[in-house]
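>>> A structural model of the following input is requested.
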Amino acid sequence: MQTETIAAIATAMSDSGIGIIRISGEDSISIAEKIYRSKLNNKKLSQVKSHTIHYGFIYDEDELLDEVMVAVMKAPNSYTTENTVEINCHGGILIMNRILEAVMKNGARLAEPGEFTKRAFLNGRIDLSKAEAVMDVIRSKNEFALKSSVSQLKGAVYEKIKKLRQEIIYEIAFIESALDDPEHISTEGYNEKLSVKIKALTDEIFKLISSSDNGKMLKEGINTVIVGKPNAGKSSLLNLLVGEEKAIVTDIAGTTRDILEETIKLHGIGLNVIDTAGIRSTEDRVEKIGVEKAKKYAADADLIVYVVDSSVDFDESDEEIITLIKNKNAIILLNKTDLDPVVTEEYLNKKLDGIEKNHLTVINDDSLKNEDHHGNYKIIKTSTKENTGIDVFEDTVKDMFFHNELQCNDQVFITNMRHKEALQNAYNSLLMVKKSLEDDMPEDFYSIDLMSAYASLGTIIGEEVAEDLVNEIFSKFCMGK
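Take a look at the predicted model:
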């Protein structure tokens, strides 16, 4: 239990309507009393009921600083489980700092980043996964990331990990008891039962690990790269998605030579969109660098949007792009459908026959509504000039990556890479148990690897975690939280 009283500005350091100075610790109420004077009565803050708000003024000795509302929350019923006071003042940077200085002058010290949440964890109010979810809520960039973070804050990850650990510790306890008292506890037939249990545990953990790819995209956004030949309509597509003229659009081939990056939201999903240079053979050194960058970004993308100019012939540049989207999540836009078509859906279908279709999604504006599938893929017909087909594209992105899974309240997504690593360690340990069972090893071998899996899962919720890791995690939090 930490005894020092800490304080920090809990709101953004910018001019705003309200600013909050948070104080937490055994002496927080007595410190606040030294600078607060009630406007309505002379009642001291130490005499008021918990979870009440009081109207008055803040003084630095005899100097009036601000008119405020002061919230008092007494231990253990507060965020940190300690006595906590929050001074709600006017949201000017200068006045917030003056009040914070007055608080510190009277006995508090400046809180470290994340120290309030760290105390909530150390004092047992929240587990480590919930603590990390606090910052995920603050940093959420899209609707689905927010929903997932709130779910974790409510304990979705904690409950899942707790259940897994309970099942593992039961097996450990049985093995240890059987080894200590073989006369009364028989292990006959136990290997078969344990094999079934290990299969169930590894399946469940593997499912959580597999969710981390979607979880990462939930949290950080889908890295989306727009590729195509020069003048296919890539920059026009970017401008439509962003809603303003971010990219220069001309009739001159090769206008886009460098990478343009924008973050947009589609149906609550974040897309980190990169518009690349048109892919073609060129002797221009600058353009050639842009083309190589386009290929590199495409190789690392979560999603490739291939814009095809339907008004011109398919050529070797298109053939090269086709190889880029192999084994990638890709949406193909048959663009410029307002002009007389040269490249048709049927032609594209033939070109795409050699690609692993289970990795390729091509959507057709009409077929999406009529469920008229063209084999394993469809085509989106678009015109960035007339703004047609873009709504279908937006729906497709959501369906491609999440398949409406995010609407399930009980779906747990692993969005934290530390959690993924711990799950992978637990999974590997359970595979070792499986191997020991197959090799008919003695029972104490099972116990060792089961305990390793149990400990790995414990690091997720903070029950098996070193102090230096705790300090590192909370050092990444913002001030005042």
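
>>> I'd like the distance between T84 and N123.
Distance, T84 to N123, by C-beta to C-beta, to the nearest Å: 12 Å. (Each C-beta comes from the backbone N, C-alpha and C, glycine too.)

>>> out of those two, which sits in the more crowded spot?
T84 (25 against 17; other C-beta atoms under 10 Å).

>>> May I have the phi/psi pair for that one?
phi -140, psi 140 (degrees, to the nearest 10).

>>> ok, now G91?
Backbone torsions of G91, given as degrees, to the nearest 10, read phi -90, psi 40.

>>> Check V342 too.
phi -110, psi -40.

>>> For burial, what's the neighbour tally of it?
By other C-beta under 10 Å, the residues close to V342 number 13.

>>> residues in contact with it?
310-313 (C-beta atoms under 8 Å, 6 or more residues apart in numbering).

>>> If we use 10 Å, what do you get?
Going by C-beta atoms under 10 Å, 6 or more residues apart in numbering, V342 touches 309-314, 336.

>>> where does the protein have low pLDDT?
1-2, 142, 244-259, 267-268, 280-287, 354-378, 402-411 (pLDDT under 70).

>>> and the longest helix along the chain, how far from the chain's centre?
For the chain, the helix with the greatest residue count under DSSP state H is helix 190-220. Centre-to-centre, helix 190-220 and its host chain are 19 Å apart (C-alpha atoms, centre = their mean, to the nearest Å).

>>> tell me which residues of that helix are tucked away?
190, 194, 197-198, 201-202, 204-205, 208-209, 211-212, 214-220 (16 or more other C-beta atoms under 10 Å).

>>> Mind checking what helix or strand follows that helix in sequence?
Note on helix 190-220: by DSSP states H and E, the next helix or strand toward the C-terminus is strand 222-228.

>>> K216 and D302 touch, don't they?
Yes - contact criterion C-beta atoms under 10 Å: K216 and D302 qualify, at 8.8 Å.

>>> intersection of neighbour lists for these two?
Shared contacts of K216 and D302 (C-beta under 10 Å, 6+ apart): 222-223.

>>> and K43, which of the three is it?
Secondary structure state of K43, per DSSP: H, G, I helix; E, B strand; the rest coil, is coil.

>>> next one: E261
E261 ends up strand, using three-state DSSP.

>>> With adjacent residues omitted, what lies nearest to it?
Distances taken as C-beta to C-beta, 6 or more residues apart in numbering place I274 nearest to E261, at 5.2 Å, with adjacent residues excluded.

>>> What of F474?
Closest residue to F474 apart from its sequence neighbours, by C-beta to C-beta, 6+ apart: G114 at 3.6 Å.

>>> Could you check how far the one you found is from I414?
Computed as C-beta to C-beta, the G114 to I414 distance reads 21 Å.

>>> So those two - more neighbours on which side?
Ranked by neighbour count (other C-beta under 10 Å), G114 and I414 place I414 first, with 28 against 24.

>>> did I read that right, that one in a strand?
No - I414 is assigned coil when assessed by three-state DSSP, not a strand.

>>> List the backbone torsions phi and psi for it.
Here is the backbone geometry of I414 (degrees, to the nearest 10): phi -90, psi 110.
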